[in-house]
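Novice: Following is a predicted model, sequence given first.
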Amino acid sequence: MLNHTKSTAAFEAAKKVIPGGVNSPVRSFRSVGGNPPFAARGSGSKLYDLDGNEYIDYIMSYGPLLLGHAPAVVIDAITAAAAGGTSYGIPTAAEVTLAEMICKLVPSMDMVRMVNSGTEATMSAIRLARAYTGRDYIVKFIGCYHGHSDGLLVKAGSAATTLGTPDSPGVPKGTVATTLLVPFNDLPALENVFAEKGNEIAAVIMEPTPGNMGLVLPQNNFLQNMRKLTKKYGALLICDEVMSGFRSAQGGSQSLYDIDPDITCLGKVIGGGLPVAAYGGKRDIMSMVSPMGPMYQAGTLSGNPLAMAAGIVSLQYMIKHDVCAKLAARTAILVSGLQNAAEKAGLNYQFHLLGSMFTVFFTEKEVTDYATALTSDQDAFKIYFHSMLEQGIYLPPSQFETNFISLAHSDEDFEKTLQAAEIAFGEVAKRK
Ligand code: KE4
């Protein structure tokens, strides 16, 4: 057993002054039990906790760390930027550079506005869609998570699911009265909603390849049919690629499924680990955004110079070294090994992967939406999670999260992970 003395003490102290001891619920281990090891530092594919334990990290800050922890190119860029100051409140050239890079990488985006979190990006995108169409209703998919703004925190995914509070208290009924819910991959249900409310729907917001109920992939041209429906009724299509952007592919999942959204939200990777997110899209829509247009949205630290510097060098490195394609190939190798390890233990689980993301669903059922994701055996997941943790593999502490690899994850890391998985799946099988 690993020594967790210092992390346990830190968690006790944290719980006295921070709700649940964490600044984001999923980190609390509430859904898997036990206490979270606290990070002391990260390096490459590794995390080191306060007690000096080393872990191979598959959380990667839930996506941002495409190059791993503390890559020299990012640290150097942040250090250089910091020497000139940490925030100005006036425009900088770096914001233009990152915006130009994003618009080149994601051709559906003619213009982009930087914000500080994925929540801010999706909240602003929703306001923009309503401002542009003059309509009020929004359609979202059950189990998709778009951050914690009131109107979107219904049947959310991620920790909201794990913590069993998909409809959070504190959200006024009126706020969610204009949020329509549809199961993901359910085209007839989506067609029905449009048949009923089509002319009042401002937008559909979706994760094209949802990662917050675990990783679930669109089936049977679901995205293409969704796009046709929104066009037919004059609703906008908001593609939330905060997680999938530069993780599923260099052009995001919209490039893999060949859809042309009206608005795209990005985050995580574009900040290289610093707080950056963005929303953007077609020029005529973005021209509504203040001060160009009447739709107000603002942010003190939006376009922060340190975050811009980290994002620019991360994307430059990603393009130069074809990182997305490389990681997709490496993820396929790792997941195939995990599947072999599970099958060796007699477990017929579901293995979903896309680009540098993957999820193991602890269920024998095909997982195509939130309801089928919920058939996963969370007790089995807990056994697997803690066995892997104690063997030095830090996975996202929830069945309903996605795992991420980075360019820093080595063949040796994969070997160690697969050896640990064999033991962990064996422990699950013994319990059955
Ligand atoms: P943030 O507000 O946490 O920066 O982004 C919200 C968000 C929006 N859209 C998508 C598709 C997302 O995945 C997220 C955030 N993802 C979670 C991971 N499940 C962040 C982890 C956390 O909540 O601590």
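Specialist: Thanks, I have the structure now. It should be emphasised that the depicted structure is a prediction, and the values quoted were computed from it without experimental measurement.
Novice: Show the backbone phi and psi for whatever residue of the chain ends up closest to the ligand.
Specialist: Of the chain, the residue with the smallest distance to the ligand, taken as CB to the nearest ligand atom, is residue 118 at 2.3 Å. Just so you know, the C-beta spots here come from the backbone N, C-alpha and C atoms, and that holds for glycine as well. For residue 118, the backbone dihedrals (degrees, to the nearest 10) come out as phi -60, psi -40.
Novice: Kindly report the same for residue 208.
Specialist: For residue 208, the backbone dihedrals (degrees, to the nearest 10) come out as phi -60, psi -30.
Novice: ok, now residue 41?
Specialist: With angles defined as degrees, to the nearest 10, residue 41 sits at phi -170, psi 160.
Novice: Now do it: how many residues are near it, please.
Specialist: 11 (other CB atoms under 10 Å).
Novice: Residue 238 too?
Specialist: For residue 238, the tally of surrounding residues (other CB under 10 Å) stands at 28.
Novice: my guess is the residue of the chain closest to the ligand contacts residue 147, does it?
Specialist: Yes: with contacts counted by CB atoms under 8 Å, residue 118 reaches residue 147, the gap being 4.9 Å.
Novice: more crowded one of those two?
Specialist: residue 118 (28 against 20).
Novice: wait, what's in contact with the more buried one?
Specialist: 146-147, 240, 242-243, 265, 267-268, 277 (CB atoms under 8 Å, 6 or more residues apart in numbering).
Novice: okay, and the helix or strand of this protein with the least pLDDT?
Specialist: Least confident helix or strand of the chain, by mean pLDDT, DSSP states H and E, is helix 158-162 with a mean of 64.
Novice: So residue 168 sits against residue 153, correct?
Specialist: Yes: contact criterion CB under 8 Å: residue 168 and residue 153 qualify, at 4.9 Å.
Novice: Specify which residue of those two has the higher count of neighbours.
Specialist: In this comparison of residue 168 against residue 153, neighbours counted by other CB under 10 Å, the higher total goes to residue 153 at 22 against 14.
Novice: residues in contact with that one?
Specialist: Contacts here follow CB under 8 Å, 6+ apart; on that basis residue 153 touches 160, 167-168, 171, 176.
Novice: what about the strands in the chain?
Specialist: Listed from the start of the chain, the chain has strands (DSSP state E) covering 39-43, 46-49, 54-57, 111-115, 137-142, 179-183, 201-206, 236-240, 263-266, 277-281, 350-354, 357-361, 393-394, 403-404.
Novice: Can the fifth one be said to contact the ligand?
Specialist: I take that to be strand 137-142. No: for a cut-off given as CB under 6 Å from any ligand atom, strand 137-142 has no contacts with the ligand; the smallest distance is 11.0 Å.
Novice: what about that strand, distance to the chain center?
Specialist: Between the centre of strand 137-142 and the centre of its chain there are 18 Å (CA atoms, centre = their mean, to the nearest Å).
Novice: Contacts for it next, please.
Specialist: With CB under 8 Å, 6+ apart as the contact definition, strand 137-142 has outside contacts at 126, 129-130, 146, 151-152, 154-155, 178-184, 190, 193, 197, 200-207, 210, 235, 369-371.
Novice: Reformat the strands of the chain as CSV; add mean pLDDT.
Specialist: As requested, these are exported to CSV (pLDDT from 0 to 100):
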stretch, mean pLDDT
strand 39-43, 98
strand 46-49, 98
strand 54-57, 98
strand 111-115, 98
strand 137-142, 95
strand 179-183, 93
strand 201-206, 98
strand 236-240, 98
strand 263-266, 98
strand 277-281, 98
strand 350-354, 98
strand 357-361, 98
strand 393-394, 98
strand 403-404, 98
